[in-house]
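Chemist: no sequence on this one, just coordinates:
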């Protein structure tokens, strides 16, 4: 099994990736730009950062076959749609709601990975995934599309589905190619798809938002997501996704200290259920 090769170093690497990526929620709320413009700038900055890193490290940028390249390019399309729906969820709600709703993706991965990769079904993963899903249940005040928070959760769950598919695709490629190279190609796809935003949005406001956008592009995207993709070499997509569910916990803390967003009681309950699933999976992975 892939997980049996994971040791403390790899678990720490994955959790470092989780902490870094968790800044996306606070930055998504903090940056006063359209989600389309944020994602374009984020990916464009990441392209140059990753390209310079790959050149310094002497990493090969080519793929051994066309099929692998097409999979990575498709993963880039999924990544673009995932980010757009995720940031729309953040704009409609709060860091807590946006980040917790997207973390239905572990339970989605639990069902999708055995079907797509033809792997064995783990009953414990199903239990942990349901626990995460039950935690998200506490986020929705009422199941009505007239409620903005409910719409935000719907965007978050849709984003989770896209993210799950992307991660499963990257799991298949992580054992063959460097994580930075995989992210570079995906960022190229994202920025290419969003070039039209340069003609439809007011670009004069970008300079005032440049600092947080740079943090989002350089730290959150280039460093965080590269570490995450690299960790797929040692964990199944399901295990990585469950451990990554700690992101909302870190994100909510950042939202509190930076944006002064205080989560409601039901949000805290949902977060505790998610955290239980996360630390259970971390313990299981370390024990293996």
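Modeler: Happy to help now that I have it. The structure displayed is predicted, hence computed values, not measured ones.

Chemist: Please enumerate the helices of the stretch 1-150 of the chain.
Modeler: 8-21, 23-30, 35-57, 66-92, 95-102, 105-117, 123-137, 148-174 (DSSP state H, counting those that start in this stretch).

Chemist: list the helices and strands the last one packs on?
Modeler: Under the contact definition 3 or more CB pairs under 8 Å, 6 or more residues apart in numbering; DSSP states H and E, helix 148-174 sits against helix 66-92, helix 95-102, helix 105-117, helix 179-193, helix 226-231, helix 237-244. The way it works is simple: take the backbone N, C-alpha and C, and place the C-beta from them, glycine included.

Chemist: That one to helix 105-117, inter-axis angle?
Modeler: 40 degrees (axes from the mean of the first three to the mean of the last three CA atoms, to 10 degrees).

Chemist: what does the fourth one give?
Modeler: The directions of helix 66-92 and helix 105-117 differ by 160 degrees, with the same axes, to 10 degrees as the criterion.

Chemist: Also the third one?
Modeler: With the same axes, to 10 degrees defining the directions, helix 35-57 sits at 60 degrees from helix 105-117.

Chemist: Buried residues, helix 35-57. List them.
Modeler: For helix 35-57, a neighbour-count test (16 or more other CB atoms under 10 Å) marks 35-47, 49-51, 53-54 as buried.

Chemist: contacts for it?
Modeler: With contacts defined as CB atoms under 8 Å, 6 or more residues apart in numbering, helix 35-57 is touched by 28, 31, 33, 61, 80, 83-84, 87-88, 91, 178, 180-181, 183-184, 187-188, 190-191, 194-195, 197-198, 201, 203, 206, 213-214, 216-218, 220-222, 226.

Chemist: if we go to 7 Å?
Modeler: With contacts defined as CB atoms under 7 Å, 6 or more residues apart in numbering, helix 35-57 is touched by 31, 61, 80, 83-84, 87-88, 91, 180-181, 183-184, 187-188, 190-191, 194, 197, 201, 213-214, 216-218, 221-222.

Chemist: Just the buried ones from those, in PyMOL syntax?
Modeler: Command for PyMOL, covering only those of those found buried under the criterion 16+ other CB under 10 Å:
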select buried, resi 31+80+83+84+87+88+91+180+181+183+184+187+188+190+191+194+197+213+216+217+218+221+222
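
Chemist: three-state assignment of residue 234?
Modeler: The three-state assignment at residue 234 reads coil, by DSSP: H, G, I helix; E, B strand; the rest coil.

Chemist: do you know how far it is from residue 8?
Modeler: Per CB to CB, to the nearest Å, residue 234 is found 11 Å from residue 8.

Chemist: okay, these two: which has more neighbours?
Modeler: Set residue 234 next to residue 8 and count neighbours by other CB atoms under 10 Å: residue 234 wins out with 22 against 9.

Chemist: Do I have it right that the more buried one meets residue 9?
Modeler: No - Residue 234 is beyond contact range of residue 9, at 9.1 Å (criterion: CB atoms under 7 Å).
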